[in-house]
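**Q** Sequence and computational prediction follow.
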Amino acid sequence: DTEVTQTPKHLVMGMTNKKSLKCEQHMGHRAMYWYKQKAKKPPELMFVYSYEKLSINESVPSRFSPECPNSSLLNLHLHALQPEDSALYLCASSQGQGSMSYEQYFGPGTRLTVT
Amino acid sequence: AQSVTQLGSHVSVSEGALVLLRCNYSSSVPPYLFWYVQYPNQGLQLLLKYTSAATLVKGINGFEAEFKKSETSFHLTKPSAHMSDAAEYFCAVTSYGQNFVFGPGTRLSVLP
């Protein structure tokens, strides 16, 4: 099973709202990722968790707050977003450091619209 | 630093024709290379990967890619295009796993 699930599929929020995106994998992967993807562009890396610790933060604004409660779950908490944050948010996972298998498996994404 | 270029932001082929999507990479260390496909409003699906075991890599849906170190290329091919192949294709490179560098993508259209 190479499935990564994400909820919700679609999210519309106002600029003053607080919402969360959720991601789950049951492949035993120890690295999990958040990407942002704008239309007709490749995914841009936002955060990397390795063994449940934040290992990479690509200078993402503080209105995005990641959380990794356990090795299977990854959340992205959203607060006071701007309209330009509207995008497809993708979660991915991979086996993690120490493995020789580097491929990342992606979820279906959450389509976020900020009004 | 690593980088990926994909020649042609949009490629059109006729159904049944050869598909060739180009990917060139830059890496100071031996690379691991990947091709992903993305259908509209979906996530990325792994098509195939190069991990130094074999230079010709076969993937899903009849796709394959050949790693050519001398040309720093990893072009994706499929002998006969199908309508269902119409999608966005991304080439990606990594050296040590966590930092994937994606190319800009190539949109493949398949004409009936």
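**A** It's in.

**Q** Please, which helix or strand holds the residue nearest the centre of chain B?
**A** In chain B, the residue lying closest to the centroid (CA atoms, centre = their mean) is B:Trp35, at 3.7 Å. Take DSSP states H and E as the rule and B:Trp35 turns out to sit in strand B:32-38.

**Q** for the record, mean pLDDT for that strand?
**A** Computed over strand B:32-38, the mean pLDDT rounds to 96.

**Q** Pull the contacting residues for the residue nearest to the centre of chain B.
**A** B:21, B:23, B:46-49, B:59, B:63, B:65, B:74, B:76, B:89-92 (CB atoms under 8 Å, 6 or more residues apart in numbering or on different chains). All C-beta atoms are positioned from the backbone trio N, CA, C, and that covers glycine.

**Q** quick one: contacts for A:Arg111?
**A** So A:Arg111 contacts A:Lys9, A:His10, A:Leu11, A:Leu88, B:Asn41 (CB under 8 Å, 6+ apart).

**Q** and the most centrally placed residue in chain A, what element?
**A** Of all residues in chain A, the one closest to the mean position by CA atoms, centre = their mean is A:Trp34, 2.7 Å from it. Per DSSP H and E: A:Trp34 is located in strand A:31-37.

**Q** who's in contact with that strand?
**A** A:23, A:25, A:43-51, A:64, A:66, A:68, A:74, A:76, A:85, A:87-97, A:104, A:109, B:97-98.

**Q** Scan the contacts of A:Arg111 and report the most crowded one.
**A** Within these, most neighbours by other CB atoms under 10 Å in any protein chain shown means A:Leu88, with 20 neighbours.

**Q** surely that residue meets A:Gly107?
**A** No: applying CB atoms under 8 Å, one finds A:Leu88 not in contact with A:Gly107, separated by 10.5 Å.

**Q** same for the helix or strand harbouring A:Tyr89, what does it pack against?
**A** Per DSSP H and E, A:Tyr89 falls inside strand A:87-94. Strand A:87-94 makes packing contacts with strand A:4-7, strand A:18-25, strand A:31-37, strand A:105-106, strand A:110-114 when contacts are defined by 3 or more CB pairs under 8 Å, 6 or more residues apart in numbering or on different chains; DSSP states H and E.

**Q** what's the angle between that strand and strand A:110-114?
**A** Between strand A:87-94 and strand A:110-114, the angle comes out at 150 degrees (axes from the mean of the first three to the mean of the last three CA atoms, to 10 degrees).

**Q** follow-up on the earlier one: so for the residue nearest to the centre of chain A, what's the pLDDT?
**A** Confidence score, pLDDT, at A:Trp34: 97.

**Q** again with B:Ser27
**A** 85.
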